[in-house]
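*Asks:* give me a model of this one.
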Amino acid sequence: MALSPDTLSTCLQNALGDSLIRTEIRLGELTAQIKADSLAQAMQILRDNPDLRFAQLIDLCGMDYSDYKDGAWEGPRFAVVYHLLSIAHNARLRVRVFCADDGLPMVKSVSGIWPSANWFEREAFDLFGIVFEDHPDLRRILTDYGFVGHPFRKDFPLSGHVEMRYDPVQQRVIYQPVSIEPREITPRIVREAHYGEGR
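*Replies:* Sure thing, here's the model as predicted:
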C-alpha cells in the first residue's frame with residue numbers, strides 16, 4: 001500500500017528532526033526542504049530508515065531562482081532538487097536544498113549514497129555551476145572543455161559567449177566571439193500588406 005503524502009510528511013518529521021525545514025504537498029506530491037549543512041546525513045536517513053527506504057534516486061537537477069516570481073524572489077539563488085522513489089512503500093519524494101552562497105553554489109555530493117547521482121551532479125555542475133563537494137569526478141559532461149559559463153543560468157546570453165568552427169587554414173577547431181547579432185526573442189507574425197489576396 002502506498003504511503004499518503006500526509007503520512008510520509010509525519011515520517012519525515014520524525015526521522016529527520018531539525019534537518020527538515022518544511023514540507024509542502026502540491027498536486028498530490030510531497031516536497032521536503034532540507035538544510036544544506038545536514039544534506040548528506042539526511043539523505044542517508046531517507047535511504048536507510050525502515051519507515052522511508054528511498055532506495056532509488058530517479059533524478060537530480062539544478063535550479064536558478066534569480067528570475068522566479070518575476071524577480072520578486074528574495075531567497076538564495078541556486079537549489080538542487082532530488083526525486084526519490086521508495087519501492088518498499090510505493091512512495092515518491094521531492095527533496096530541495098538551497099545553496100548557501102550564490103557566488104559559489106555548493107552542496108555535498110550524494111553519489112556515495114546513490115551511485116546514479118554521479119552523472120546528474122556533473123550535469124548540474126556543467127549547466128548551473130553548482131559544485132558537489134566530495135564528488136569523485138566533477139567535470140563538465142555536456143558542454144565542451146573550453147566552454148565559458150553555465151548555459152542554464154538565467155543570466156547566460158541566449159547566443160552564448162563564443163562560437164567554434166573549423167578553420168581550414170589552421171586545420172583545427174577554433175573559438176571566436178559570437179557573430180550572431182542579439183535579437184528579440186518574442187515571436188512576431190510578419191506579413192505583407194496584401195498577403196493572400198488575389199491568388
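*Asks:* of all the residues in the helix or strand where Ser9 lies, which ones are buried?
*Replies:* Applying DSSP states H and E as the criterion places Ser9 in helix 5-16. Neighbour counts over helix 5-16 (16 or more other C-beta atoms under 10 Å) mark 5, 8-9, 11-12, 15-16 as buried. Heads up, the C-betas are built off the backbone N, CA and C, glycines and all.
*Asks:* same check on stretch 62-80?
*Replies:* Of the residues in stretch 62-80, those buried (16+ other C-beta under 10 Å) are 62-65, 76-80.
*Asks:* same deal with stretch 89-103?
*Replies:* Across stretch 89-103, burial judged by 16+ other C-beta under 10 Å covers 89, 91-99.
*Asks:* what do you get for stretch 102-110?
*Replies:* Neighbour counts using 16+ other C-beta under 10 Å place 105, 107-110 of stretch 102-110 among the buried residues.
*Asks:* returning to that earlier point: just give me the closest of the buried residues of stretch 62-80 to Pro50.
*Replies:* Closest to Pro50 out of the buried residues of stretch 62-80 is Val80 (25.9 Å), distances taken as C-beta to C-beta.
*Asks:* strand partners (parallel or antiparallel) of the host helix or strand of that closest one?
*Replies:* Assigned by DSSP H and E, Val80 belongs to strand 78-86. In the sheet containing strand 78-86, its partner strands are strand 56-64 (antiparallel), strand 91-98 (antiparallel), by DSSP bridges.
*Asks:* any idea how far the most centrally placed residue in the chain lies from Ala100?
*Replies:* The centre of the chain sits closest to Gly62, judged by C-alpha atoms, centre = their mean, with a distance of 1.5 Å. Distance of Gly62 to Ala100, computed by C-beta to C-beta, to the nearest Å: 15 Å.
*Asks:* ditto for Ser9
*Replies:* To Ala100, Ser9 is 25 Å away according to C-beta to C-beta.
*Asks:* what about the helices in the protein?
*Replies:* Under the criterion DSSP state H, the chain contains helices at 5-16, 39-48, 117-128.
*Asks:* Gly112 - nearest residue in space that isn't next to it in sequence?
*Replies:* In space, and not counting its chain neighbours, Gly112 is closest to Asp134: 7.3 Å by C-beta to C-beta, 6 or more residues apart in numbering.
*Asks:* show the pLDDT at that neighbour.
*Replies:* Looking at Asp134, its pLDDT reads 96.
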